[in-house]
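*Asks:* Next input, structure requested:
(2 chains)
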2 protein chains.
Amino acid sequence: MLTYNFENIGSDTLYGFLYKCIKNDIIQGKIKSGEKLPSKRALAKNLAVSVITVENAYAQLAAEGYIYSVPKSGFYAADLRDDRIDNDSINSESVNKQNILPKSKIYIDKLSLTGGGNAYIADFTSNQTEQSAFPFSIWTKTMRAVMNDYQSELMLNPPCGGVLELRQSIADYLKAFRNMTVRPEQIIVGAGTEYLSSLLIQLLGKNLNYSVENPGYHKIAKIYRSMGVSYEYIEIEEDGPKVEELEQKNINVIHCSPSHHYPTGRVMPISKRYELLGWVTKMKDRYIIEDEYDSELRLNGKPIPSLQSIDVSGNVIYMNTFSKTLCSTVRISYMVLPDELAERFYRELSFYSCTVSNFEQYTLAEFINSGSFEKHINRLRNYYQQKRDRILETFLRGTLKNKITVMEKDAGVHFLMKVDTKLSEEAFLEKMKSKGIKLAPLSSFYHSDEEKSRYENIYVMNYSFVDCEKLDYVAKVIGSYCES
Amino acid sequence: MLTYNFENIGSDTLYGFLYKCIKNDIIQGKIKSGEKLPSKRALAKNLAVSVITVENAYAQLAAEGYIYSVPKSGFYAADLRDDRIDNDSINSESVNKQNILPKSKIYIDKLSLTGGGNAYIADFTSNQTEQSAFPFSIWTKTMRAVMNDYQSELMLNPPCGGVLELRQSIADYLKAFRNMTVRPEQIIVGAGTEYLSSLLIQLLGKNLNYSVENPGYHKIAKIYRSMGVSYEYIEIEEDGPKVEELEQKNINVIHCSPSHHYPTGRVMPISKRYELLGWVTKMKDRYIIEDEYDSELRLNGKPIPSLQSIDVSGNVIYMNTFSKTLCSTVRISYMVLPDELAERFYRELSFYSCTVSNFEQYTLAEFINSGSFEKHINRLRNYYQQKRDRILETFLRGTLKNKITVMEKDAGVHFLMKVDTKLSEEAFLEKMKSKGIKLAPLSSFYHSDEEKSRYENIYVMNYSFVDCEKLDYVAKVIGSYCES
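*Replies:* Predicted coordinates:
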């Protein structure tokens, strides 16, 4: 157990002193990279300080990248190999803070907070895009053309909803791809779905009662909480949200993905779609936010129409993003507002500048208009189909045969995998982590503990960022903890 | 006066019918481009409908770009010259809505909402960047290099605060330029100052009492209102905010620009800076947001230190943007959080993805690291100095001599101009507008009517987007409405 002498504390605060002691031990290698730190409670007891003191010291170390946290496990010392760190200068007070920063590690630590999967051999939780899946050459070419041809347009502040050229391209694309008839003025372009969600809360109002799907996409609840609006969880049944519950709980707003529920992967049947539309028209101030986050990769042939396209109430807001079809690090999403809301948006929120750079808006518009986007999506769809086939072949015919069950594998970039193991979910996740494999348990998308336990050892497998060369290794590792 | 027969309304709503009638008249040219529409009240009376009905119809027409509003004046028919409009098909119900959209006009209408100045001969209200002031060739070159050299990094989701390379570059830059010592983890990169402000409200909390400078930058109040936090106006005296008022009104948060107050252009003296810092340390939960929106263009030699750099309380948040130094349409701003807030940010708000594209973050980092940014700023400072000199020379030595007084012209991209005219401010603005000159009255930055009248006919002259070739014309027009 770590022990420090608080006699030398001087004028420092308790947590500040503790932070410095641990930091020095990590930098000097006394605490090894990857070593688990004592629990906050244990260390507090050992040092005879409060848990808050340890908590503050750990938080500071984590914020600076010296340690990183593993959910449900604890804190670990980060790997500080970096030529910027000068071990000799650590105890010198005169040294500039900048020089002893574990630069790359902060990066990796924060990365893991936001879904980056750099530190793992195979990360099935990441929504990132493989380098080979991004159309670098044509995107760069398009961008160069835009920088040449649109210099004066690039300097003009766009309308609050985005550059009209891009919104027109998106409108045309929605017509061709989803048979949706929308006017460019209804389209609001923004830097990511999260940002658009926070705009929507400002638009719809904070007095409405929002809802979060259970199971569902975590971040929505976090955004609602952070924006200070009230929300309730709504059960998602086999075919979609339980409409009686929406009624009972007086819900005004539901955010859902009828074309591909996350994480269950289910498609909402047309009957349920009409039921939801019935709900939304029944009373004033009810809204559906229809989020088609991965429809391009999923839909082929004659898909079920979007809610937006069969809605007549004017209370369905359609959302989509280029995070899956281009890459997660180009922050361009959009929403389609029904007329009345669009009007309200221009009246009340047009003071907000568009959050996406003109350079990328024009590049994307050109990319769509030239036909490059459609070609790219077709390529991408094939690419992910082949990738999924290869994963399933490796998983279902080899070592893992009869040890796992795969569900909801129809399309998109994730499927569900049930593992037949004697280990608890927590133990299984820990084993996988120790072997460099990161998995997202389905249970974590459920709200109540009772539900969580019902879905033990089912994993949501996002495979967009996983390297196929690592599949044999992954199958072998998973297999070694399964029943046969 | 417009008159329509409501007998043919069918199943349409009143406002829907009215909207269609006016739209058709505009498209068919019965209402001419630039023609003023009747006031809402007058039209409502004439048609025997409610003002709300007319209001809704006008709002819809404005949202779609058929008409545009001029503050304090009314609505005008937009110019629909666009080859996409097919006049013959207007009365045919089968025609696709897309085909009769006045595409480019919506663009211009929305543009005017967000500060774009395309439609004017000289727009002194625009914060936009002239094409010649943006370093297209070096920026494009840097971007190409990044697209070649950073392909795998570009695909990795950055930490919530932004790509570490960029934050390190900004930290180095702040050290060199402002003698500020900050760690990259304290820097949060986001798509514009408005976005960062909304993040800050979520971070600091909605129960605090915010304040808005009077006179001051409009948008802050709008953001506070939209985010649902309470705020009060604080009087800005000769040397800065009235500190007793901050105390009296129990303010927790003040957003200010000590290095260059907007719009008065005043610099906060060091004594006032210490007074403000005294205020912030006096009680818990007090914060200063120090916004140095144009300091690079303004500061030269040995400037007064930033509040952030002399603060020891950890309650000063520093903000800056690349909107002025690069261009207003590249949406990159940043804030520097004190340690405790940075920690809280990572704990509570790290679920938000960074809103700036990786492509632009890496390009900007390279642009700064290569020294191009510094060279560009030096060039830009000279450019704007020469531009200001040329404007003042034209204004102060020619036709306008003795008719105007110029104030706060030391640096930056705006100054104040007092006009000696018999016209009321409203009439003067209207005259200018009719001649293609857009001016921002200082009075509009004040909150109360009494104050507004005190500053009549003083104008805030943002000259970054004004074409110098038009200066003689502008001076002549202004001069023709002045006393001699």
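*Asks:* List the contacts of the closest residue to residue A:242 other than its chain neighbours.
*Replies:* Using C-beta to C-beta, 6 or more residues apart in numbering or on different chains and skipping residues adjacent in sequence, the residue nearest residue A:242 is residue A:235, 4.7 Å away. C-beta coordinates here come from the backbone N, C-alpha and C atoms, glycine included. For residue A:235, the contact set (C-beta atoms under 8 Å, 6 or more residues apart in numbering or on different chains) comprises A:214, A:241-242, A:245.
*Asks:* how about a cut-off of 10 Å?
*Replies:* By C-beta atoms under 10 Å, 6 or more residues apart in numbering or on different chains, the residues touching residue A:235 are A:213-215, A:241-242, A:244-245, A:446-448, A:451.
*Asks:* Equivalent analysis for residue A:237, please.
*Replies:* By C-beta under 10 Å, 6+ apart, the contact list for residue A:237 reads A:243, A:245, A:266, A:272.
*Asks:* Beta-bridge partners for it, please?
*Replies:* Listed by DSSP bridges, the beta-bridge partners for residue A:237 are residue A:240.
*Asks:* measure it to residue A:65 for me?
*Replies:* 43 Å (C-beta to C-beta, to the nearest Å).
*Asks:* Same check on residue A:359?
*Replies:* Residue A:359 is 31 Å from residue A:65, by C-beta to C-beta.
*Asks:* What of residue A:331?
*Replies:* The spacing between residue A:331 and residue A:65, counted by C-beta to C-beta, is 23 Å.
*Asks:* The two: which has the busier surroundings?
*Replies:* Using other C-beta atoms under 10 Å in any protein chain shown as the criterion, residue A:331 and residue A:65 rank with residue A:331 on top: 29 against 23.
*Asks:* Just confirm residue A:367 is within a strand.
*Replies:* No - membership of residue A:367 in a strand is not supported by DSSP: H, G, I helix; E, B strand; the rest coil, which gives helix.
*Asks:* from memory it sits against residue A:165, does it?
*Replies:* No - Residue A:367 is not in contact with residue A:165 according to C-beta atoms under 10 Å; the separation is 11.4 Å.
*Asks:* circling back: of the contacts of residue A:237, the lowest pLDDT goes to which?
*Replies:* In terms of pLDDT, residue A:266 ranks lowest among these, with 88.
*Asks:* What's the local residue count around that residue?
*Replies:* Residues within reach of residue A:266, counting by other C-beta under 10 Å, total 19.
*Asks:* Report the contact partners of the nearest residue to residue A:218 once chain neighbours are set aside.
*Replies:* Of all residues not flanking residue A:218 in the chain, residue A:445 sits nearest, at 7.0 Å (C-beta to C-beta, 6+ apart). Neighbour list for residue A:445: A:213-218, A:236, A:262-264, A:451-452, A:455, A:460 [criterion: C-beta under 10 Å, 6+ apart].
*Asks:* what about 8 Å?
*Replies:* The contact partners of residue A:445, taken as C-beta under 8 Å, 6+ apart, are A:215-218, A:262-263, A:460.
*Asks:* ok, the residues you listed vs chain B, which is closest?
*Replies:* Nearest to chain B out of the contacts of residue A:445 is residue A:218 (C-beta to the nearest C-beta; 7.7 Å).
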